[in-house]
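Q: Sequence and predicted model, in that order:
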Amino acid sequence: MDAQEIAELRELMDYEGRRKGPPEGYPKFPDMPAGRYNSEEFYKLEKEEYWTKVWMMAGHMDEIPEVGSYKLWEMSGEPMLIVRGKDNVARAFYNTCSHRGAPVIQEAYGQAKGGLACKYHGWTYDFEGNLINLRDKRDFVDLDMDCRGLFPVRTEQFGKLIFITLDDDAIPLREFLGPVASQWDDFDFANTRLVHHYTWNLECNWKIAMEANMEVYHVKSIHPDTVDAGLDYRKNVNTLYPHGHSRMVAPTPEAVLAAMPPKPDHIPEIESVGELPRTTTYSFHVDPNLVSPMGQTLFPMLFFWPDGLRKTKYELYWIGADWGDGEMPQEWKDQIDYFNVVITEDTQFGDWIQKSADSIAFKGVPLCYQESRIYHTHENIDRVIGLNKVPDHLAVKQVLGEDWIYPNDSKLRLAESEKMKQAAE
């Protein structure tokens, strides 16, 4: 991020703190239908028409550290495996033997030497998914082994991050990420390490769980003793990107920054990370389900996977600078423990909200300007599904025009900020 963009973001933070209402001309959000959280009809649309078309982060290369290392991956609702090939590239396949559909792997993680062998009848595949051996080949007349390999899933990497999509016609990953990609480049994902990985189970729709992490309107209410002290929510800047992605930047109060002790020498950092992630809460949402407040030493990547209409698997990957040999710094263990407290605060209302969403009292969701990232995501969900496929009683109105998508939104708010300054002089 260059000096001009940093200066503009600092100005936008000041503007957000001074404004008396939403920016001039900003659209009022119609209520979002309740059925988006409680309807089997909408959940079916998401499953069939949304999750099948988006890029999803499915893992980290540190989970499959050697040639032949593999992991089982079923978060998308489809049975898949991911394996590191001889070229050290990750590839994904359906975990389905092309003989009679038995699973090729059954362990969460493993290491194969000569190939991936189905335990049912021994059909064996190389790490590129080709069928290379089968028992009693003589009894399969005219079997064309070349067309009996594992069913591939389109896979791309962003550094060590592994992404998959079920859509062979999807745009390339970096194009999908858009402006987010160049900002992520600063975090050196090719050299950072996987520090920790775990999953929580929640009793609510995946969007209810995710949306708690997409606005700071709630911070004063449920994080008074944790997050609230570390960010100035009234100066938060939301930026909306194409394809439903977004970013929030909320400054850390000067007094808090001044009181922070120097970073101990033994804690490594990602040298390429710039000023803003070091002095603000700097968090991205990448459609469909990734939220990540990023920093220069250690940060979490949060994922919200639908496990049914009213169930969510909440997955966390902790990414950190390479600390060399030995255990990770104790300070990082303390940070993870602290963040788990924050997670508990964020998720405490999920099952209660779901009960409300299922009640006759829940008619719809009114969102304010501070919650723009949520509405932006819902608009994109409908666009990916197809506006003609979402019934009127479940659809969100498309009100966020190009004026409010980056970089146009910044220009409009900066112009308004300048008017406010001139009026005050």
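A: Here it is on my side, so go on.
Q: per-residue confidence at D2?
A: We have a pLDDT of 87 for D2.
Q: Relative to G149, how far out is the residue lying farthest from the centre of the chain?
A: Here the chain reaches farthest from its C-alpha mean at R138, the gap being 48.4 Å by C-alpha atoms, centre = their mean. Using C-beta to C-beta, to the nearest Å, we find R138 at a distance of 21 Å from G149. To be clear about C-beta, it is placed using only N, CA and C from the backbone, and glycine gets the same treatment.
Q: Could you do G230 as well?
A: G230 is 51 Å from G149, where distance means C-beta to C-beta.
Q: With V341 instead?
A: In terms of C-beta to C-beta, V341 sits 47 Å off from G149.
Q: Which elements pack onto the lowest-mean-pLDDT helix or strand in the chain?
A: When each helix and strand of the chain is scored by mean pLDDT, DSSP states H and E, helix 254-259 comes last, with a mean of 90. Using 3 or more C-beta pairs under 8 Å, 6 or more residues apart in numbering; DSSP states H and E, no helix or strand is in contact with helix 254-259.
Q: which outside residues touch the helix or strand just after it?
A: Per DSSP states H and E, the first helix or strand lying C-terminal to helix 254-259 is helix 275-279. Applying C-beta atoms under 8 Å, 6 or more residues apart in numbering, the contact partners of helix 275-279 are M1, I6, L9, D186, V249, P251, T252, L257, Y282, M294, G295, Q296.
Q: Domain ranges for this structure, per the record?
A: Domain ranges of the chain: 3-53+178-424, 56-165, per automatic domain parsing.
Q: Identify whichever of these lies nearest to P172.
A: Nearest of the domains of the chain to P172, taken as C-beta to C-beta: domain 56-165 at 6.9 Å.
Q: Verify the stated contact: H266 with Q330.
A: No - if you go by C-beta atoms under 8 Å, H266 and Q330 don't touch, sitting 9.5 Å apart.
Q: Pretty sure G308 sits in a strand.
A: No - under DSSP: H, G, I helix; E, B strand; the rest coil, G308 falls outside any strand and is assigned coil.
Q: how close does it get to H99?
A: Separation of G308 from H99 (C-beta to C-beta): 31 Å.
Q: what number of residues lie near P224?
A: By other C-beta atoms under 10 Å, 11 other residues sit near P224.
Q: same question for the helix or strand that contains E41, mean pLDDT?
A: Using DSSP H and E, E41 falls within helix 40-45. Mean per-residue pLDDT for helix 40-45: 98.
Q: distance between that helix and the chain's centre?
A: 21 Å (C-alpha atoms, centre = their mean, to the nearest Å).
Q: how about the next helix or strand after that helix as PDB, C-alpha atoms only?
A: Going down the chain from helix 40-45, the next helix or strand is strand 56-60, by DSSP H and E. This file holds the C-alpha atoms of strand 56-60, laid out as PDB (Å, rounded to 0.1, in the frame of the first residue of the first chain):
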ATOM      1  CA  MET A  56     -13.100 -21.600  -1.100                       C
ATOM      2  CA  MET A  57     -10.000 -21.800   1.100                       C
ATOM      3  CA  ALA A  58      -9.500 -25.500   1.700                       C
ATOM      4  CA  GLY A  59      -6.200 -25.700   3.500                       C
ATOM      5  CA  HIS A  60      -2.600 -24.700   4.000                       C
END
